[in-house]
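# generate a structure from the sequence data that follows.
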Amino acid sequence: MADATPPCLIERRPAFTKTGRPSGRPRVTSLPKLPSFTPRSDWQGVSMADEGSALHRFATGELAWSSGVIVFIDVMESVRLTARDGGLFITRWIEQRQAIEDLFARGDGRVIRSTGDGIIGQFSEPRAAIASLFEAMALVERSNTDLAGPLPIAIRVGMARGEFLTDRQDIYGQAVNLAARLSGLGMPSAIIVPEDLRADLVDGVDAEIEDLGACFLKHLEAPIRAYALRPVGKRRLPVMPARKDAQLVPTIAVVPLVPIQGGPARDLLGDIIADELISALSGSPYLNVISRLSASVARQRGLPPGLAAEALQADYIVSGTYSALQNRVRATLELTERKTGLVRLEQRFAMPAEALITAEFHGFDGFIAGLLRAVLRNEVQRVRRQTLPSLESHSLLLGAVSLMHRAGRQDFPYAAEILSTLMERHPREALPCAWLACWYTIKVQKGLSEDPSAEGNEASALARRAMDLDPDNPLALAVAGLIETNFARRFDDAESLLDRASDLNPNETYALLHKAALLQFTDRGAEAYPIARRAMTLSPFDPHRYYFEAIAASSAFSAGDYELALAHADEAIRANRLYPSGSRVRTAALWHLGRKGEALKTAETLREIEPNLTVARWLAKSPAAGFDVGSRMAAGLRAAGIPEN
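This next block holds a predicted model:
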């Protein structure tokens, strides 16, 4: 059947006037062999009443123009199959052909011609055709496995797009001819398409696409660039090297929102909302965020969240819908986890459309904060539920980081165990070493260490190891700067490390925070406070916000702005009442403001949080000892009732 279609290269349809005459000579290169439809220089003698004439057939609708995607299915080696299996092959193919016709009907397509060992079908767009054809191939493969005796049936498929002519019996046109020739390349279980159709497809989403290069086809002078399409997952993909550290934090994709079915769509509104979310999430150190250009593919293909996450290789995906009516936008956002398919967060919004494009817009702040909390909470639950060897590395890292910032004392040691497991699993990665070094500094700051000096040395060794593994890792440099500040008290070295971290990544929030801490310890609070504020701006929804607020409070106290210090201390306490730094700053700030009664009451709460606190112990472990800020803090604590020794 592959050679049965007559060549016909029609560039465009002729335009006819109301009298039935052509408005101009049609540009026809060649035509199907229809005697009554032969090109002429003068159509005056052709009457619409002449039965059998091309003009009459156009007028009556018997011969009509159409456009779309043509698919050409041909059974490979049908002559051999007929000779070998005779009626059995024919019976099997008739059953399969009927099933394929049913598939086309369900997939927004139709069969135009079905004779012998082939099928010609039409679809309005290529992705619907590809889905139906892949299903047809799977149907044929299942039929082969069900019958072990007969020779297997294999189909080859060509696909092309363009205009064509149809009558009651057949189809004519360049697209038909090209689809037939492409199928003749003879690749079983693959769809062969030309370059213009391949341009509309995404490799790994619509199909696995193989470039066949320039192919010479029968009866065509110039070669055609052809591509073979196979179902996603059918081709063995090469193992790509993972991006450095990418496996240690989860990946999230934000898919542009789609308009609710039946409601009016606003151009680019879904993309604008996605851009807002991506911009906010990109400042988080706990996530890799996929670009919107890549994530847009999922929306264009209409993939559900689970398949979109699979295609983008994202651990989490944000998707949603919107409607716009009378200058009001209503949107629904969902956070879905790829592994389980569960929706971890859902939120609805209503706002004026103009608000989305203003610099002051913060309408999605609550969703971003809730998203980060949901991701961290989910990873912590996974760490607690499963054994460490069975967990993915990003789950271990986020679980450990979250646990080390929690108030419960039983969680804190487990964080170190998790990080040690990560170091064994990834001995050449800097992040686990850097976070374990950070764990030791937090342990000393929380007053949980029985030997601060020894654990300070352990933290220093881990920080050096992280920098040896990756000298340009901003987080490793930031942690090393913190350790130089808190334990070694080598402030110049600390500042050099922190400045290098910020040079490598100006948006590294921990480098900024630790630089602010260094400056406030050394009586440079006026410099420290703007840096602390910048860190808060870069990561406004950090789940460990209390840590940012505590450093901002200490910076304001160092600068002598006790009212501002009190405001930030209150925020730190509100976020984490059991973190002692906020209560220490609040106690001393209240005393220096002359609000002695409140200072005494806060000091009582502080002693409940940190029962072993004394002024001498605080000075012994604080880098601020020996500076004016340290003296003022000690004076406020002492006056509010914290014992000296």
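# tell me the helix or strand right after the helix or strand that contains residue 537.
According to DSSP states H and E, residue 537 maps onto helix 525-538. Downstream of helix 525-538, the next assigned helix or strand under DSSP H and E is helix 545-558.
# that following helix to helix 525-538, inter-axis angle?
Orientation check (axes from the mean of the first three to the mean of the last three CA atoms, to 10 degrees): helix 545-558 against helix 525-538 gives 160 degrees.
# got a list of what the spatially most central residue of the chain touches?
Closest residue to the average C-alpha location of the chain: residue 253 at 2.1 Å, with CA atoms, centre = their mean. Counting by CB atoms under 8 Å, 6 or more residues apart in numbering, residue 253 touches 289-290, 294-295, 298, 308-309, 312, 314, 316-318. Placement of C-beta: from N, CA and C, glycine included.
# from these, keep the buried residues only.
Neighbour-count burial (16 or more other CB atoms under 10 Å) is assigned, among the contacts of residue 253, to 289-290, 295, 298, 308-309, 312, 314, 316-318.
# distance of residue 161 from residue 342?
Using CB to CB, to the nearest Å, residue 161 is found at 40 Å from residue 342.
# neighbour count for these two, which is higher?
Between residue 161 and residue 342, residue 161 has the larger neighbour count (other CB atoms under 10 Å), namely 21 against 11.
# run through the residues that contact the more buried one.
Applying CB under 8 Å, 6+ apart, we find residue 161 in contact with 68-70, 126, 175, 196-197.
# nearest to residue 219, of those?
Among these, residue 175 lies closest to residue 219 (CB to CB), at 14.7 Å.
# low-confidence ranges in the stretch 351-500 of the chain?
The stretch 351-500 of the chain contains residues with pLDDT under 70 at 357, 359, 383-391, 406-409.
# paired strands for the host helix or strand of residue 159, with orientation please.
Taking DSSP H and E as the criterion, residue 159 maps to strand 155-166. For strand 155-166, the paired strands and their directions (DSSP bridges) are strand 64-75 (antiparallel), strand 171-172 (antiparallel), strand 191-194 (parallel).
# can you list those in TSV and add mean pLDDT?
Below are the strands paired with strand 155-166 laid out as TSV (pLDDT from 0 to 100):
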stretch	mean pLDDT
strand 64-75	86
strand 171-172	80
strand 191-194	92
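# most tightly packed of these?
strand 191-194 (a mean of 28; mean count of other CB atoms under 10 Å).
# who's in contact with that strand?
With CB under 8 Å, 6+ apart as the test, strand 191-194 has contacts from 71, 126, 130, 133-134, 156-160, 178, 182-183, 185, 201, 207, 212, 224-230.
# just to revisit the earlier point, beta partners of the residue nearest to the centre of the chain?
Residue 253 has these beta-bridge partners by DSSP bridges: residue 317.
# how close does it sit to residue 397?
From residue 253 across to residue 397, the span is 19 Å (CB to CB).
# likewise residue 273?
Distance from residue 273 to residue 397, by CB to CB: 29 Å.
# again with residue 334
With CB to CB as the criterion, residue 334 and residue 397 are 25 Å apart.
# more neighbours: which of the two?
Neighbours per residue (other CB under 10 Å) separate residue 334 from residue 397, with residue 397 holding more: 27 against 15.
# show me what contacts the nearest residue to that one once chain neighbours are set aside?
Closest residue to residue 397 apart from its sequence neighbours, by CB to CB, 6 or more residues apart in numbering: residue 248 at 4.9 Å. Contacts here follow CB under 8 Å, 6+ apart; on that basis residue 248 touches 393-394, 397, 422, 426, 429, 431-432.
# so which residues of this protein form strands?
Here the chain has its strands, by DSSP state E, at 64-75, 109-115, 118-123, 155-166, 171-172, 191-194, 208-215, 224-230, 251-254, 258-259, 288-289, 316-325, 328-337, 343-352.
# now tabulate the ones you listed in TSV and tack on distance to residue 379.
Converted to TSV, the strands of the chain look like this (distance: least, CB to CB, whole Å):
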stretch	distance to residue 379
strand 64-75	45
strand 109-115	45
strand 118-123	44
strand 155-166	44
strand 171-172	57
strand 191-194	41
strand 208-215	32
strand 224-230	35
strand 251-254	12
strand 258-259	29
strand 288-289	14
strand 316-325	10
strand 328-337	10
strand 343-352	11
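# okay, those strands, which one's buried deepest?
Comparing the strands of the chain on average neighbours per residue, with mean count of other CB under 10 Å, the densest one is strand 191-194 at a mean of 28.
# in the stretch 501-645 of the chain, where is pLDDT below threshold?
Low-confidence segments of the stretch 501-645 of the chain (pLDDT under 70): 540-541, 543.
# next up, the contacts around the spatially closest residue to residue 564 that is not a sequence neighbour.
In space, and not counting its chain neighbours, residue 564 is closest to residue 556: 4.0 Å by CB to CB, 6+ apart. Residue 556 makes contacts with 525, 529, 562, 564-565, 567-568, as judged by CB under 8 Å, 6+ apart.
# of those, which belong to helices?
Counted as lying in helices by DSSP state H, out of the contacts of residue 556, are 525, 529, 562, 564-565, 567-568.
# mind checking how far the nearest residue to residue 425 once chain neighbours are set aside is from residue 419?
Among residues not flanking residue 425 along the chain, residue 393 sits closest, at 6.3 Å (CB to CB, 6+ apart). Distance of residue 393 to residue 419, computed by CB to CB: 11 Å.
# the more surrounded of the two?
Higher neighbour count among residue 393 and residue 419: residue 419, with 27 against 20, using other CB under 10 Å.
# and the gap between the more buried one and residue 190?
Distance from residue 419 to residue 190, by CB to CB: 48 Å.
# ok, now residue 544?
Residue 544 sits 52 Å away from residue 190, going by CB to CB.
# pick out whichever of these two has more residues nearby.
Per other CB under 10 Å, whichever of residue 544 and residue 190 has more neighbours is residue 190, with 25 against 20.
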